[in-house]
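Asks: the sequence and its predicted three-dimensional model are supplied below.
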Amino acid sequence: MSFTTLITAAQLANHATQGLRVLDCRGRIGEPNWGQVAFDKGHILGAVHADMDRHLATKPNQHGRHPLPPPQAWLAQVQAWGIENQDQIIIYDDAGGSFAGRAWWMMRWLGHANVAVLDGGLNNWPGPLTKPGTSVQFYAPSTFQATTPLTKLSSTEDVLTLSTTLMDATGLENEFLIDARAQARFVGKEELVDPVAGHIPGAVCLPFSDNLDDKGFFKTSDKLAQRFTDLGLSAAQQDIAVTVYCGSGVTAIHNILAMRIAGFGEAALYADSWSGWIVDTNRSVATGLDQ
């Protein structure tokens, strides 16, 4: 059995170790060494640490705070970890999947379907962890080959066009720009990370944190589906025109994953997100609940 969205702790504990690879994506925004320190203190046996700043993003630039690495650089990293095309990949963090989702999306970016996020994360993992000082398991480099991406990307030009369309059109159906940040940041009431507050005109706010229950597990597929049908989306329409963004292209993926769990088609990621959008001061900024 393959897993393509979520896997439970019980399913992972019972999964054969042959052909199974685990990525630990724990981290803290603004604390670049935190994830590695946490990994060294204890991790699921056999895991390797996939660091947000070193592996899942390049240095901040005109494309925002966490730009995607070049596809060839990411492919080389996957090969360096020894991941094979036939492997089942499991990814976890301790933040409700908000970091793990980035690696999930990036594996699918290489065309790898058998990749899933550990539901509930390390917070709800009942199994043992390695002890501090344990040597990280070595894997020989692989010849992993990328195939057709299972993901979609929206450029700034795409979002400029979508934003203009959403602002100008009336009764527009099945085109959405979704902001995954908390509402306080969306409306411009607070902004502790980026230098400009507000949101992209035409966007609607759908905080990624509301995909989770009070124990840190993803809500049921029915409850997740309700979030998106309330916007006017239909699960029956697989060729959807939805673009998601957040502060830097990380937590937005949580909504893409939630949509997949709920049976919806593939939404596009605006990887530059808010931190990339505001690099150009000529781009419009909206505040308040109005689009």
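Replies: On my side now, so go ahead. Keep in mind the model is a prediction, meaning the values are calculated, not measured.
Asks: for the stretch 51-200 of the chain, give me the ranges with low pLDDT.
Replies: For the stretch 51-200 of the chain, the stretches with pLDDT under 70 are 170-173.
Asks: what do you get if the cut-off is 80, keeping everything else the same?
Replies: 169-174 (pLDDT under 80).
Asks: ok, which stretches of it are strands?
Replies: 88-92, 115-118, 152-153, 175-179 (DSSP state E, counting those that start in this stretch).
Asks: what sits up against the shortest one?
Replies: I take that to be strand 152-153. With C-beta atoms under 8 Å, 6 or more residues apart in numbering as the contact definition, strand 152-153 has outside contacts at 266-271. In short, each C-beta sits where N, CA and C put it, glycine included.
Asks: can you do 10 Å?
Replies: 68, 105, 109, 158, 240-244, 249, 256, 265-272 (C-beta atoms under 10 Å, 6 or more residues apart in numbering).
Asks: walk me through which strands that strand pairs with, and which way each runs.
Replies: Sheet pairing for strand 152-153, assigned by DSSP bridges, gives strand 268-269 (parallel).
Asks: and the partner strand, how far from the chain's centre?
Replies: 10 Å (C-alpha atoms, centre = their mean, to the nearest Å).
Asks: what's whichever helix or strand comes after it packed up against?
Replies: Where DSSP states H and E defines the elements, the next helix or strand beyond strand 268-269 is helix 273-277. On a contact count with 3 or more C-beta pairs under 10 Å, 6 or more residues apart in numbering; DSSP states H and E, helix 273-277 meets helix 156-168, strand 241-245.
Asks: where along the protein do the helices fall?
Replies: In the chain, the helices defined using DSSP state H lie at 9-13, 34-41, 71-80, 100-109, 156-168, 183-186, 221-229, 252-261, 273-277.
Asks: how about these in JSON lines, adding mean neighbour count and distance to residue 125?
Replies: Listed next are the helices of the chain as JSON lines, based on neighbours: other C-beta atoms under 10 Å; distance: least, C-beta to C-beta, whole Å:
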{"stretch": "helix 9-13", "mean neighbour count": "15", "distance to residue 125": "5"}
{"stretch": "helix 34-41", "mean neighbour count": "16", "distance to residue 125": "13"}
{"stretch": "helix 71-80", "mean neighbour count": "16", "distance to residue 125": "24"}
{"stretch": "helix 100-109", "mean neighbour count": "26", "distance to residue 125": "12"}
{"stretch": "helix 156-168", "mean neighbour count": "15", "distance to residue 125": "37"}
{"stretch": "helix 183-186", "mean neighbour count": "19", "distance to residue 125": "30"}
{"stretch": "helix 221-229", "mean neighbour count": "16", "distance to residue 125": "22"}
{"stretch": "helix 252-261", "mean neighbour count": "26", "distance to residue 125": "19"}
{"stretch": "helix 273-277", "mean neighbour count": "26", "distance to residue 125": "29"}
